[in-house]
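**Student:** Mind folding the following:
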Amino acid sequence: MSSAGQYSAFADVAIFDAVRTPWVDLGGALAQVSPIDLGIKVGREVLARTGIDPLAVDSVLAGSMAQASFDAYLLPRHIGLYCGVAQSVPALGVQRICATGFELLRQAAEQLRDDVQLALCVASESMSRNPIAAYTHRDGFRLGGGVAFKDFLWEALYDPAPGLDMIATADNLARRYDLSREVVDRYACASHQRALQAQKVGAWVEEIVAVDNQQFELQGYQPRSISLPRHATAVTEDSHPRPTDLPALARLRAVHAGGVQTAGNSCAVVDGAAAALVGRSSACTRPPLARLLASAVVGVAPEFMGIGPAPAIRLLLQRSGLNLDDIGFFEINEAQAAQVLAVAQALELDSARLNVQGGSLALGHPLAATGLRLVMTLARQLRQHNLRYGIAAACVGGGQGMALLIENPAYRA
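**Tutor:** Got it, this is the predicted structure:
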């Protein structure tokens, strides 16, 4: 390991399969569903699709950023138990904010170096259930003393080290890379258009599992369940992609005076969960979804946190011996339009290979789950176009970047 970041190379590691729920807008049909139950849903589904007995799982890794239920501490353990994994199998909570989905895969690959043969990775995020919280009232409410209740969902976007929120860090990148409001809006418009087209042709159908009212039984224990609002019978597709155009985006007010970021060119706030099953390539009885070859994670200045994917991708390429031309597609999380454009400019990326089905500006960004979505979407794109290598990457609040290198096991030269 060098001071420039952490790089890990993996041999014989495969993502057997991966699925996700639809990403649903804040306050939508999944708003009252516990992230634990969403995680159980996708965990069970990925096991069912692979035909693998849950009792064959050796490790459960799960991530969720928000304290979105009173039993949040138990999220990894309960996901494993209610997915049918043996009681003797341990469960671990994983957190690297927006790169949590990547970190789940990295840690699973690391565990395969030892005794683990099969790891269930689940990421689940309920942005809607982020609490209104106070941290200073444990001793009671004193006369005249104002206790500060704040919106955790909003306050979590603020980094007190540089004294900036995430939007302001993207505005910093817009100034550094000379990105105008028009250029940023144009990228956001393209992301929405690409996503709408992808949705129209069914590009995500294979990775999405419908969510409906369901009960999860566990012998000897209390059942858990998913209960949708009365008006919703089943949730089958992402809810946020919608038609827009440049004039509509241009009418939106910038979040910060003099900045370029608006509600229209920043990622959507959504709820959702994703799961992947990770094991040894040599143990696959059918072609896996992808091979996981390497990971890289780096730190960057918090006030420019959005640039993180650029040095992470550089490190990944340098240590793996590949170059940009070897990579078929890039999936880089669209936290903000200025942020992903700055990364593309820094790396001189070809836009035709970047987020070709749209990104989080159109789909949304359920923090912990996004990394898994990026990887499963990328893997299926590589398979569809018979391309060998792909890179998924994301910036991380506080100033980090993380990237994963995957390979298409069905590639034919």
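**Student:** can you give me the strands in the stretch 51-200 of the chain?
**Tutor:** Per DSSP state E, counting those that start in this stretch, the stretch 51-200 of the chain carries strands over the ranges 59-63, 91-93, 118-125, 132-133, 150-151, 158-159, 164-165.
**Student:** so which of those strands gets nearest residue 356?
**Tutor:** Nearest to residue 356 among those is strand 118-125; the distance by CB to CB comes to 22.8 Å. All C-beta spots, glycine's among them, are computed from the backbone N, C-alpha and C.
**Student:** related to what we said a few turns ago, tell me which of the strands of the stretch 51-200 of the chain is the most buried.
**Tutor:** Mean neighbour count (mean count of other CB atoms under 10 Å) peaks for strand 118-125 among the strands of the stretch 51-200 of the chain, with a mean of 30.
**Student:** Start from the N-terminal end of this structure and give the helices.
**Tutor:** In the chain, the helices defined using DSSP state H lie at 35-50, 75-82, 100-111, 152-155, 166-176, 181-200, 246-250, 309-320, 337-347, 360-363, 370-385.
**Student:** got TSV for the ones you listed, with mean pLDDT, mean neighbour count and distance to residue 223 too?
**Tutor:** Formatted as TSV, these follow (pLDDT from 0 to 100; neighbours: other CB atoms under 10 Å; distance: least, CB to CB, whole Å):
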stretch	mean pLDDT	mean neighbour count	distance to residue 223
helix 35-50	98	25	11
helix 75-82	98	24	9
helix 100-111	98	26	26
helix 152-155	91	14	29
helix 166-176	97	23	38
helix 181-200	97	20	34
helix 246-250	96	14	46
helix 309-320	98	23	41
helix 337-347	98	26	42
helix 360-363	97	29	32
helix 370-385	98	25	26
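**Student:** Dump those helices into TSV; add distance to residue 136 as well.
**Tutor:** Listed next are the helices of the chain as TSV, based on distance: least, CB to CB, whole Å:
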stretch	distance to residue 136
helix 35-50	26
helix 75-82	26
helix 100-111	28
helix 152-155	13
helix 166-176	24
helix 181-200	38
helix 246-250	40
helix 309-320	36
helix 337-347	33
helix 360-363	33
helix 370-385	32
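**Student:** Based on its surroundings, how many neighbours for the nearest residue to residue 280 once chain neighbours are set aside?
**Tutor:** Of all residues beyond its chain neighbours, the one nearest residue 280 is residue 12 (5.0 Å), with distances taken as CB to CB, 6 or more residues apart in numbering. By other CB atoms under 10 Å, the residues close to residue 12 number 15.
**Student:** doesn't residue 282 make contact with residue 12?
**Tutor:** Yes - between residue 12 and residue 282 there is a contact under CB atoms under 8 Å: 5.4 Å.
**Student:** In the protein, which residue is most central in space?
**Tutor:** residue 370 (1.1 Å; CA atoms, centre = their mean).
**Student:** I'd like to know how far the nearest residue to residue 115 once chain neighbours are set aside sits from residue 91.
**Tutor:** Using CB to CB, 6+ apart and skipping the chain neighbours, the partner closest in space to residue 115 is residue 58 (7.1 Å). From residue 58 across to residue 91, the span is 11 Å (CB to CB, to the nearest Å).
**Student:** which stretch among the strands of the stretch 51-200 of the chain comes nearest residue 53?
**Tutor:** Proximity to residue 53 (CB to CB) singles out strand 118-125 among the strands of the stretch 51-200 of the chain, at 9.8 Å.
**Student:** what sits against the residue nearest to residue 83 when sequence neighbours are not counted?
**Tutor:** In this structure, residue 83 finds its nearest non-sequential neighbour in residue 43, 4.1 Å apart by CB to CB, 6+ apart. Contacts for residue 43 (CB atoms under 8 Å, 6 or more residues apart in numbering) come out as 79-80, 82-83, 120, 122, 275.
**Student:** Need the pLDDT of residue 143.
**Tutor:** In this model, residue 143 is scored at 69, pLDDT.
**Student:** show me the contacts for the residue nearest to residue 115.
**Tutor:** Taking CB under 8 Å, 6+ apart as the contact definition, residue 58 lies against 89, 111, 115-119.
**Student:** now these in JSON lines, with distance to residue 218?
**Tutor:** Formatted as JSON lines, these follow (distance: CB to CB, whole Å):
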{"residue": "89", "distance to residue 218": "14"}
{"residue": "111", "distance to residue 218": "24"}
{"residue": "115", "distance to residue 218": "26"}
{"residue": "116", "distance to residue 218": "23"}
{"residue": "117", "distance to residue 218": "23"}
{"residue": "118", "distance to residue 218": "20"}
{"residue": "119", "distance to residue 218": "21"}
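**Student:** Out of these, which one has the weakest pLDDT?
**Tutor:** residue 115 (89).
**Student:** what's the spacing between that one and residue 11?
**Tutor:** Distance, residue 115 to residue 11, by CB to CB: 16 Å.
**Student:** Among these two, which residue is more densely surrounded?
**Tutor:** Using other CB under 10 Å, the more surrounded residue of residue 115 and residue 11 is residue 11, with 12 against 8.
**Student:** Local confidence estimate at that one?
**Tutor:** The model's pLDDT for residue 11 equals 95.
**Student:** ok, back up a step: the residue nearest to residue 280 and residue 377: what is the separation?
**Tutor:** 24 Å.
**Student:** before we move on, what about residue 158?
**Tutor:** 30 Å.
**Student:** And residue 26, by the same measure?
**Tutor:** In terms of CB to CB, residue 26 sits 22 Å off from residue 377.
**Student:** on that earlier part again, which ones are touching the residue nearest to residue 280?
**Tutor:** Contacts of residue 12 by CB under 8 Å, 6+ apart are 112, 280-282.
**Student:** quick one: which of those residues is most hemmed in?
**Tutor:** Going by other CB under 10 Å, residue 112 tops the contacts of residue 12 with 25 neighbours.
**Student:** shouldn't that one be in contact with residue 105?
**Tutor:** No - contact criterion CB under 8 Å: residue 112 and residue 105 do not qualify, at 10.8 Å.
**Student:** what's the overlap in contacts for the two?
**Tutor:** Taking CB under 8 Å, 6+ apart as the contact rule, residue 112 and residue 105 both touch residue 278.
**Student:** How about the contacts made by residue 311?
**Tutor:** 4-5, 298, 300, 401.
**Student:** In terms of distance to residue 256, which of those ranks first?
**Tutor:** Comparing the contacts of residue 311 against residue 256 with CB to CB places residue 300 closest, at 20.5 Å.
**Student:** pLDDT score assigned to the closest one?
**Tutor:** If you check residue 300, the pLDDT there is 97.
**Student:** and it, how many neighbours?
**Tutor:** Around residue 300 there are 21 residues (other CB under 10 Å).
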